[in-house]
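K.L.:
sequence plus the predicted model coming up.
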Amino acid sequence: MKIATIKTPDQVIIPLQQHAGAVCNSLVSVGDIVSAGQLIGDGESRIHSSVSGEVTAVSELPHPTGKNVPSVVINIHEGAEKEIEPEELSTGKLRHIIREAGIIEPNGLSTLRTKAEIDTIIINGTNTDDLSSNAALMLDYPAEIVYSLKALMELVGAKKAFIVIELNSEALQVMRTETIPDRNIKVIATPMYYPPGTEDVLVKNVAKKKVPRGSTPEDRGVLVSSIAAMKAIYDAVHGIPMIKKVITVAGAVGSPRNVLVDIGTPIGHVIEECGGCNGTPAKIIVNGAISGTAQYTDQVPVIKTTTGILVQTEKDVNREPPAPCINCAWCVDACPIGLMPHLLYGYADSAEFDRCADLYIDDCIECGLCAYICPSKLPIVQMIRYGKHGIAEAEMEDLS
Ligand code: SF4
Ligand code: SF4
């Protein structure tokens, strides 16, 4: 499974918020000429230009999460060299390099989000149902991934690490072979299950530690990271900030595959580069069929947290209208975190955000199992996202 490269688009749209946290400040203005790798946004994270070209706009534009976010639009200069011009990324300590390179996890958290003592690192190498970019990265870059993992272990003082991979994945043997000399790194095979990325479950199953509600794995001495972050750390050590992402393009496209994409590339361009849509697209979903977000425009860009694009035609889409909640509690049984999705839905719907917070809405990992199982076809995840957004807005207001 080779990762394919695609043609760079004529224009990229780079949102100044690609992480969990406040929007970064723009460091560029309309008319500025930027180089690939140049820092263009700073704040809680760092954002770099993925291309060389001219800034043509800094304005609020559609974002894969469904809201509008301040973004930098860059028109690529014809014939412009896509040379990386790192800003001190190859020197200094790894912690500084990771921070400077703007490396974040697929869930939007910073890879180095803690200064707590860490004894174990878990790398989640599992894939969701329709996305396979983790496996593709491990097959194409096994040595780079292990290099970064060892560097990260040294940085945080972890004595052991685990790479978790599905039983039937081609990457399992490759990574086992790659880690044979390292007695502190173990590759663990896990059966396919959904959702695969639940940090608390990984910590419980792999590190044998329970994470109490309100705590994080880091509080228990465990750092959970990703295959994508390992590749990004390798790139950063070699002077390249997080400006590219490997994503899976699946569903009704001419050539479904894993592709390396410049951050900021509109998803419509990515789909075209994968052979275009087979038929009329009815839904384009970013980040997986169950937990992803359906897009209303194909002009939203690929960002650091994008893991895949799924294209569906009318025959793939279930258009049953939602009905009222019947309190069957199927969603409660399905929730891997032990939340009460039907109550979160109701409270978010009536803008009772305090009650959502009391019911730990922020612990929701947006896996989509509750919505998948709901006989009333309620858009529970969208409503939970709305509830989280409402809480964040209220917190911002309290701060100002
Ligand atoms: S599964 Fe749907 S209908 Fe049943 S309790 Fe949950 S939200 Fe209500
Ligand atoms: S999306 Fe639904 S099932 Fe998944 S964690 Fe959130 S509330 Fe639970």
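P.N.:
Right, received. Where do you want to start? Ligands and ions are numbered 1, 2, ... in the order given.

K.L.:
show me where the stretch 201-350 of the chain has helices.
P.N.:
227-237, 267-273, 330-334, 341-349 (DSSP state H, counting those that start in this stretch).

K.L.:
single out the most deeply packed of the ones you listed.
P.N.:
helix 227-237 (a mean of 24; mean count of other C-beta atoms under 10 Å). Quick note: C-beta positions are derived from backbone N, CA and C, even for glycine.

K.L.:
and it, what does it pack against?
P.N.:
Packing contacts for helix 227-237, counted by 3 or more C-beta pairs under 8 Å, 6 or more residues apart in numbering; DSSP states H and E, involve helix 94-100, strand 120-124, helix 133-140, helix 142-156, strand 244-251.

K.L.:
okay, the angle between the helix or strand hosting Met383 and helix 341-349?
P.N.:
Assigned by DSSP states H and E, Met383 belongs to helix 380-399. With axes from the mean of the first three to the mean of the last three C-alpha atoms, to 10 degrees applied, the angle from helix 380-399 to helix 341-349 works out at 50 degrees.

K.L.:
quick one on the thing from earlier: mean neighbour count added to the helices and strands packed on helix 227-237, as a markdown table?
P.N.:
Output for these, formatted as a markdown table (neighbours: other C-beta atoms under 10 Å):
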| stretch | mean neighbour count |
| --- | --- |
| helix 94-100 | 18 |
| strand 120-124 | 25 |
| helix 133-140 | 24 |
| helix 142-156 | 19 |
| strand 244-251 | 24 |
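
K.L.:
mind checking the SS state of Ser29?
P.N.:
Under DSSP: H, G, I helix; E, B strand; the rest coil, Ser29 falls in the coil class.

K.L.:
nearest spatial neighbour of the most far-flung residue of the chain relative to its centre, skipping sequence neighbours?
P.N.:
Ranked by distance from the centre of the chain (C-alpha atoms, centre = their mean), the top residue is Ile326, with 33.4 Å. Leaving aside its chain neighbours, Ile326 sits nearest to Ser376 (6.1 Å; criterion: C-beta to C-beta, 6 or more residues apart in numbering).

K.L.:
per-residue confidence at the one you found?
P.N.:
pLDDT recorded at Ser376 is 94.

K.L.:
so how many other residues sit close to it?
P.N.:
Using other C-beta atoms under 10 Å, Ser376 has 19 other residues around it.

K.L.:
can you check Ser29 too?
P.N.:
9.

K.L.:
quick one: it and Val55 touch, right?
P.N.:
Yes. Ser29 is within contact range of Val55, at 6.6 Å (criterion: C-beta atoms under 8 Å).

K.L.:
please see if the least confident helix or strand in the chain by mean pLDDT touches ligand 2.
P.N.:
Least confident helix or strand, the chain: helix 199-202 with a mean of 82, by mean pLDDT, DSSP states H and E. No. Helix 199-202 lies out of reach of ligand 2 by C-beta under 6 Å from any ligand atom, never closer than 10.6 Å.

K.L.:
ok now that helix, how far from the chain's centre?
P.N.:
The chain centroid and the centroid of helix 199-202 are separated by 16 Å under C-alpha atoms, centre = their mean, to the nearest Å.

K.L.:
repeat that for stretch 299-318.
P.N.:
Centre to centre, stretch against its chain (C-alpha atoms, centre = their mean), the figure for stretch 299-318 is 13 Å.

K.L.:
so for that stretch, mean pLDDT?
P.N.:
Stretch 299-318 comes out at a mean pLDDT of 91.

K.L.:
can you dump the C-alpha atoms of that stretch in PDB for me?
P.N.:
What follows is stretch 299-318 as a C-alpha-only set of coordinates in PDB (Å, rounded to 0.1, in the frame of the first residue of the first chain):
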ATOM      1  CA  GLN A 299     -14.200  23.900  -0.600                       C
ATOM      2  CA  VAL A 300     -13.400  23.100   3.000                       C
ATOM      3  CA  PRO A 301      -9.700  22.300   3.300                       C
ATOM      4  CA  VAL A 302      -7.800  19.400   4.600                       C
ATOM      5  CA  ILE A 303      -6.500  20.300   8.000                       C
ATOM      6  CA  LYS A 304      -4.100  18.700  10.600                       C
ATOM      7  CA  THR A 305      -6.900  16.700  12.100                       C
ATOM      8  CA  THR A 306      -8.300  15.300   8.800                       C
ATOM      9  CA  THR A 307      -7.900  11.600   8.500                       C
ATOM     10  CA  GLY A 308     -10.100  10.800   5.600                       C
ATOM     11  CA  ILE A 309     -12.700  11.900   3.100                       C
ATOM     12  CA  LEU A 310     -15.700   9.600   2.300                       C
ATOM     13  CA  VAL A 311     -17.800  10.300  -0.800                       C
ATOM     14  CA  GLN A 312     -21.300   8.900  -0.900                       C
ATOM     15  CA  THR A 313     -23.900   8.800  -3.700                       C
ATOM     16  CA  GLU A 314     -27.700   8.800  -3.100                       C
ATOM     17  CA  LYS A 315     -27.800   5.000  -2.800                       C
ATOM     18  CA  ASP A 316     -25.400   5.100   0.100                       C
ATOM     19  CA  VAL A 317     -27.400   7.600   2.100                       C
ATOM     20  CA  ASN A 318     -30.200   6.900   4.600                       C
END
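
K.L.:
and the helix holding Met383, which residues are buried?
P.N.:
380-388, 390-391 (16 or more other C-beta atoms under 10 Å).

K.L.:
and for stretch 312-320?
P.N.:
The neighbour-count check on stretch 312-320 (16+ other C-beta under 10 Å) flags Gln312 as buried.

K.L.:
straight-line length of that stretch, end to end?
P.N.:
16 Å (C-alpha to C-alpha, to the nearest Å).
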